[in-house]
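Enquirer: have a look at this prediction, sequence included:
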Amino acid sequence: MKTASASAPGKFVILGEHAVVFGKPAVAVAIDRRFKCTVSKSDRVTINGEENALALHPHILSVLDVHGHPYIEITTESDIPSGSGLGSSAALAASFSFAVRSLLGEPTDSEAVAKEAYEAEYSVQGIGSPMDTSASVHGMGIAVNAPEPENLLWRVERGKNVWDICGLDVPEMTFVIGYTGKKALTGPLVEKVRRYKERNSFAKDIIDEIGTVTLEGMDAIKKGDRVKLGDLMTKDHKLLSILGVSGPELNKLVDAVSDYSYGAKLTGAGGGGSMVALTDEPEKVSKAISSRGGTPITVKTGEPGVRAE
Ligand code: MEV
């Protein structure tokens, strides 16, 4: 094979971001926006036609490190805004890992790709959980560290933390994402929470509380209980705000949709990025997000994970 292409979806987090870094439960869902990588054998390494571009693309560099730095031409395309909290770097790592493995005739099973993509994310951020990369590789929905793991996909361990990643059926529900337009880097936000937790037992209590809210949310998702799930999402937003990862742009969009949604919260790392609302009135929510300067994205769930193109 001389050329291989793969794509992988972005994601949003229904509940549990940040706390999941410390081994707490979380729920994430793939979205119908994808990152695509195409790789071809060559006599040098180029990224989108540029030589010497690897320093600007650390996820790509990390995956190439594992595969002995083959000479390849790499092209990327994406409709996931970077720094939006919607998992664009995880989708890059997942699609690139799959494409390189296909080109080199190496296994492309989901567990191998998920673990390699997580290593790439981790090496770039220096901290973080395998939630985003697992959601991108598996697609659909995933539950991390569910109390009674059903449909276990893979387990990831790092230091004291263990993450059991399970496939999750998310019943038909309508979510609308609101992108603030403000880019935010995940690594520094996760590091900020880690430092807060280390220095302050109150922060540890908030992280434990996010874990409890998420477990209740997993039960509400199973039962299709939108009212309960919405309440829990709003509560989670408040807990995340106490941890210091929300911001005025996010709070403005969360407040703007409150009359038309069961609940809303920041999604992903925060600090800008995106929020998400659970609603039966997606048009009204989208309008409220636009009127406050955000970009609405109505989510179609059931999006497949990483795949050959
Ligand atoms: C970012 O999408 C999710 C965080 O929990 C970071 C992580 O899990 O690595 C904030």
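Expert: Okay, I see it. Numbering: from 1, shown residues only.

Enquirer: how about L189: what's its closest non-neighbour residue?
Expert: Among residues not flanking L189 along the chain, A269 sits closest, at 4.4 Å (Cβ to Cβ, 6 or more residues apart in numbering). (Each C-beta comes from the backbone N, C-alpha and C, glycine too.)

Enquirer: surely the one you found is in contact with T186?
Expert: Yes. With contact defined as Cβ atoms under 8 Å, A269 reaches T186; the gap is 4.1 Å.

Enquirer: mutual contacts of these two, please.
Expert: G85 (Cβ atoms under 8 Å, 6 or more residues apart in numbering).

Enquirer: element containing A91, please.
Expert: helix 88-104 (DSSP states H and E).

Enquirer: just how off-centre is that helix within its chain?
Expert: 15 Å (Cα atoms, centre = their mean, to the nearest Å).

Enquirer: give me the buried positions along it.
Expert: Using 16 or more other Cβ atoms under 10 Å as the test for burial, helix 88-104 gives 88-103.

Enquirer: is any part of it close to the ligand?
Expert: No. Helix 88-104 does not reach the ligand (Cβ under 6 Å from any ligand atom); its nearest approach is 7.6 Å.

Enquirer: which other residues reach the helix or strand just after that helix?
Expert: Next along the chain after helix 88-104, taking DSSP H and E as the criterion, comes helix 110-125. Contact with helix 110-125 is made by 58-59, 62-63, 66, 89-90, 93-94, 96-98, 101, 106, 128, 130, 132-134, 136-138, 153-154, 156, 158, 165, 186-187, 190, 305-306, as judged by Cβ under 8 Å, 6+ apart.

Enquirer: hmm, which of these are the buried ones?
Expert: Buried among the contacts of helix 110-125 by 16+ other Cβ under 10 Å: 58-59, 62-63, 89-90, 93-94, 96-98, 101, 128, 130, 132-134, 136-138, 153-154, 156, 165, 186-187, 190, 305-306.

Enquirer: residues contacting the residue in the stretch 51-200 of the chain that the ligand sits nearest to?
Expert: Relative to the ligand, the nearest point of the stretch 51-200 of the chain is G128 (2.9 Å; Cβ to the nearest ligand atom). Shown in contact with G128 (Cβ under 8 Å, 6+ apart): 21, 121-122, 186-187, 190.

Enquirer: kindly recompute the last result at 7 Å.
Expert: Shown in contact with G128 (Cβ atoms under 7 Å, 6 or more residues apart in numbering): 21, 121-122, 186, 190.

Enquirer: out of those, who's near the ligand?
Expert: 21, 186, 190.

Enquirer: can I get those residues in CSV with pLDDT?
Expert: Shown next, in CSV, are the ones next to the ligand among the contacts of G128 (pLDDT from 0 to 100):
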residue, pLDDT
V21, 98
T186, 94
V190, 97
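
Enquirer: among those, which are in helices?
Expert: 186, 190 (DSSP state H).

Enquirer: which one of the ones next to the ligand among the contacts of G128 is nearest Y71?
Expert: T186 (30.7 Å; Cβ to Cβ).

Enquirer: and stretch 147-164, how far out from the chain middle?
Expert: 17 Å.

Enquirer: list the buried ones in that stretch?
Expert: Buried-residue list, stretch 147-164, by 16+ other Cβ under 10 Å: 153-154, 156, 163-164.

Enquirer: can you give me the angle the helix holding A91 makes with helix 110-125?
Expert: 130 degrees (axes from the mean of the first three to the mean of the last three Cα atoms, to 10 degrees).

Enquirer: what residues does the stretch 1-150 of the chain have near the ligand?
Expert: Counting by Cβ under 6 Å from any ligand atom, the stretch 1-150 of the chain sits next to the ligand at 13, 17-18, 20-21, 128-129, 131-132.

Enquirer: which residues of the stretch 51-200 of the chain score low on pLDDT?
Expert: Applying pLDDT under 70 to the stretch 51-200 of the chain flags no residue at all.

Enquirer: can you give me the strands in the stretch 101-250 of the chain?
Expert: 141-144, 152-158, 161-168, 174-179 (DSSP state E, counting those that start in this stretch).

Enquirer: I'd like those as JSON lines, with distance to T298 appended.
Expert: Output for these, formatted as JSON lines (distance: least, Cβ to Cβ, whole Å):
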{"stretch": "strand 141-144", "distance to T298": "17"}
{"stretch": "strand 152-158", "distance to T298": "27"}
{"stretch": "strand 161-168", "distance to T298": "20"}
{"stretch": "strand 174-179", "distance to T298": "5"}
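
Enquirer: can you tell me the closest non-neighbouring residue to E157?
Expert: W163 (7.7 Å).

Enquirer: the one you found contacts V156, doesn't it?
Expert: Yes. The criterion here is Cβ atoms under 7 Å, and W163 meets it with V156 at 4.7 Å.
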